[in-house]
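Q: prediction below, plus the sequence it came from.
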Amino acid sequence: MARERIAAVRGMNDLLPAQAPLWEWFEARVADWVRSYGYQLIRTPVLEHTELFVRGIGEVTDIVEKEMYTFEARSSSEKLTLRPEFTAGTVRAAIEHSLTYDAPKRVWSMGPLFRHERPQRGRFRQFHQVNVEALGFTGPDIDAEQIAMLARLWKILGITSARLEINCLGQLEERARHRVDLISYFEQRRKLLDADSVRRLTTNPMRILDSKNPALTQLLADAPEITAYLSDASRRHFDGLQDLLNAAGVAFKVNARLVRGLDYYNLTVFEWITDELGSQGTLCGGGRYDPLIERLGGKPTPAIGFAIGVERVIECLTQAGHINDAAHVDVYVVHQGGVTAPRAFLAAEQLRDAGLDVICHAGEASLKSQMKKADTSGAEFAVIIGEDEVAADSATVKALRTPSAEQRIVPLQILADTLIDALVQADQ
Ligand code: HAM
């Protein structure tokens, strides 16, 4: 009796071989790009103590209230959480290993995150980010550099639809004064609010400004703006950032209602948005989080960072018709079984020693079916090792990508060199 199949967990995707070349292409561009700004790789565990995210991201955020994958460890009653973002873990590692002890640090990561959200286009329960953090910098020069860095990435990737929105959230005291007025504004109009906003009124009123409910548009447009509450120092920081962006030719829009969904931000926040992806159009979000390192037990250290949603960027690239052919090998080695199989096996190893990418046919099949496989593998050349070739210590080399399908016999000692020369020529 057939056993029941087990499917992937809802909202969690497989990256299949056909899509992998585009991901690999993207990841390679990203690795070059972060290096060109002096960022170094950091990899933190996928699991952290739940407390890290509760304290780091904030108790009354959507992530902590309802989206974390949290469970108890088997051996103790320790509560652990699959990371929903990179920043808290990066800061935890920086404190634990005194990373900013001697100098500020620029670090980056890439990998999977987990949030129990409602799966839809552009929103998954396991997704990936490229995360970039600059620890120990007061800005606004580094703020501008990170934003300009992103403008450069979109150019490298050929994404033309990304637009930038920025805001300044000020410092805690400034936000506290704004909060008082915001609560009183919404209290007076309580009957116009939806259920979610009423709940936020007592927990996190600023997040009401983030509501996507069209019925609230006018109410939100008339709400008190944080800009009016900024101190001179905050204003100078924001002006400094805008001057630098203007000087660098990076276009932006100030959106006074941009608040972000995590609690650790102060001063600069920003998002890059595209209209190409429907309702989940934010490609990247970030900002300054000067209070966080101290909140997690470190010495007060200013910092700023951002994260790019990889699935969303990949969808943008796919929509723009960005095609990456399946990764292909240089050579496909075919044989006739029997004594020819170990000879083919060895020849393939020697070709790999010489630096070539090689598939050696595995298992038994007719020469015809092997040649078909060689063709679909995308290899430039088939290397055929039959009984005649074994007897003559040679191989037959067949070009698979030229119309003439030229074929020649080559002694095994010079097989690698011959193929390398031919590949160089085919490339020209
Ligand atoms: P975030 O805004 O929560 O920020 O996420 C950043 C980006 O990750 C989003 O703009 C989106 O592209 C992508 N993303 C978030 N959730 C999902 C999801 N469920 N499915 C697919 N993509 C998603 C942060 O995570 C901050 N830690 C960024 C940061 C770094 N701030 C300072 N440093």
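A: Done, it's in.
Q: so where is the stretch 301-428 of the chain shaky, pLDDT-wise?
A: Residue ranges of the stretch 301-428 of the chain with pLDDT under 70: 325-327.
Q: doesn't residue 224 make contact with residue 185?
A: Yes: using C-beta atoms under 8 Å, residue 185 and residue 224 qualify as a contacting pair, with a distance of 5.8 Å. The C-beta positions use only the backbone N, C-alpha and C, and glycine is treated the same way.
Q: please say which of the two ends up with more neighbours.
A: With neighbours defined as other C-beta atoms under 10 Å, residue 185 and residue 224 compare such that residue 224 has more, 18 against 15.
Q: residues contacting the more buried one?
A: In this structure, residue 224 makes contact with 178, 181-182, 185, judged by C-beta atoms under 8 Å, 6 or more residues apart in numbering.
Q: got a pLDDT number for it?
A: Listed pLDDT for residue 224 reads 93.
Q: same check on residue 199?
A: Reading off the confidence values, residue 199 has pLDDT 85.
Q: need the contact list for the closest residue to the ligand within the chain.
A: Evaluated by C-beta to the nearest ligand atom, the chain has residue 309 as its residue closest to the ligand, separated by 2.1 Å. Taking C-beta under 8 Å, 6+ apart as the definition of contact, the neighbours of residue 309 are 122, 127-129, 282-284.
Q: other SSEs contacting the helix or strand hosting residue 342?
A: With the criterion set as DSSP states H and E, the secondary-structure element containing residue 342 is helix 340-353. For helix 340-353, the packing partners by 3 or more C-beta pairs under 8 Å, 6 or more residues apart in numbering; DSSP states H and E come out as strand 331-335, strand 358-360, strand 381-385, helix 387-391, helix 415-427.
Q: need these in JSON lines (columns: distance to the ligand and mean neighbour count).
A: Converted to JSON lines, the helices and strands packed on helix 340-353 look like this (distance: least, C-beta to the nearest ligand atom, whole Å; neighbours: other C-beta atoms under 10 Å):
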{"stretch": "strand 331-335", "distance to the ligand": "38", "mean neighbour count": "27"}
{"stretch": "strand 358-360", "distance to the ligand": "35", "mean neighbour count": "19"}
{"stretch": "strand 381-385", "distance to the ligand": "41", "mean neighbour count": "26"}
{"stretch": "helix 387-391", "distance to the ligand": "53", "mean neighbour count": "15"}
{"stretch": "helix 415-427", "distance to the ligand": "37", "mean neighbour count": "14"}
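Q: okay, the ones you listed in CSV with distance to residue 291 next?
A: Listed next are the helices and strands packed on helix 340-353 as CSV, based on distance: least, C-beta to C-beta, whole Å:
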stretch, distance to residue 291
strand 331-335, 57
strand 358-360, 54
strand 381-385, 60
helix 387-391, 71
helix 415-427, 54
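Q: give me the number of residues near residue 287?
A: By other C-beta under 10 Å, the residues close to residue 287 number 25.
Q: adjust the sequence numbering to begin at 829 for everything that follows.
A: Happy to do that; since the first residue is 829 now, the last one works out to residue 1115.
Q: how many neighbours does the nearest residue to it once chain neighbours are set aside have?
A: Nearest in space to residue 1115, with sequence neighbours left out and distances taken as C-beta to C-beta, 6 or more residues apart in numbering, is residue 1097 at 3.5 Å. Taking other C-beta under 10 Å as the neighbour definition, residue 1097 ends up with a count of 24.
Q: which element follows the host helix or strand of residue 1097 toward the C-terminus?
A: Following DSSP H and E, one finds residue 1097 within strand 1094-1101. Counting by DSSP H and E, the next helix or strand C-terminal to strand 1094-1101 is strand 1110-1116.
Q: what are the contacting residues of that next one?
A: With contacts defined as C-beta under 8 Å, 6+ apart, strand 1110-1116 is touched by 960, 967, 971, 974, 978, 987, 990, 997, 1088, 1093-1102, 1105, 1130-1137, 1140-1141, 1144.
Q: what parts of the chain come near the ligand?
A: Within reach of the ligand by C-beta under 6 Å from any ligand atom, the chain has these residues: 913-915, 943, 945, 950-952, 955, 957, 959, 961, 1089-1090, 1110-1115, 1117, 1133-1135, 1137, 1139-1140.
Q: quick check: buried residues in the helix or strand containing residue 1121?
A: Assigned by DSSP H and E, residue 1121 belongs to helix 1120-1123. Of the residues in helix 1120-1123, those with enough neighbours to count as buried (16 or more other C-beta atoms under 10 Å) are 1120-1121, 1123.
Q: tell me the strands beside the helix or strand following that helix, with direction?
A: Of the helices and strands lying after helix 1120-1123 in sequence (DSSP H and E), the nearest is strand 1131-1137. According to DSSP bridges, strand 1131-1137 has the following sheet partners: strand 954-963 (antiparallel), strand 1110-1116 (antiparallel).
Q: quick one: contacts for residue 904?
A: Counting by C-beta under 8 Å, 6+ apart, residue 904 has no contacts.
Q: quick check: it vs residue 1124, distance?
A: Residue 904 sits 22 Å away from residue 1124, taking C-beta to C-beta, to the nearest Å as the criterion.
Q: cool, residue 899 as well?
A: As defined by C-beta to C-beta, residue 899 lies at a distance of 22 Å from residue 1124.
Q: tell me which of those two has more neighbours.
A: For the pair residue 899 and residue 1124, the greater number of neighbours falls to residue 1124 (18 against 13), based on other C-beta under 10 Å.
Q: pretty sure that one contacts residue 881?
A: No: the pair residue 1124 / residue 881 is not scored as a contact, 10.4 Å apart, by C-beta under 8 Å.
Q: which neighbours do those two have in common?
A: By C-beta under 8 Å, 6+ apart, the residues touching both residue 1124 and residue 881 are residue 916.
Q: okay, now the closest residue to residue 999 other than its chain neighbours: neighbour count?
A: Closest residue in space to residue 999, ignoring its immediate chain neighbours: residue 1094 at 5.6 Å, by C-beta to C-beta, 6+ apart. Number of residues near residue 1094 (other C-beta under 10 Å) recorded here: 22.
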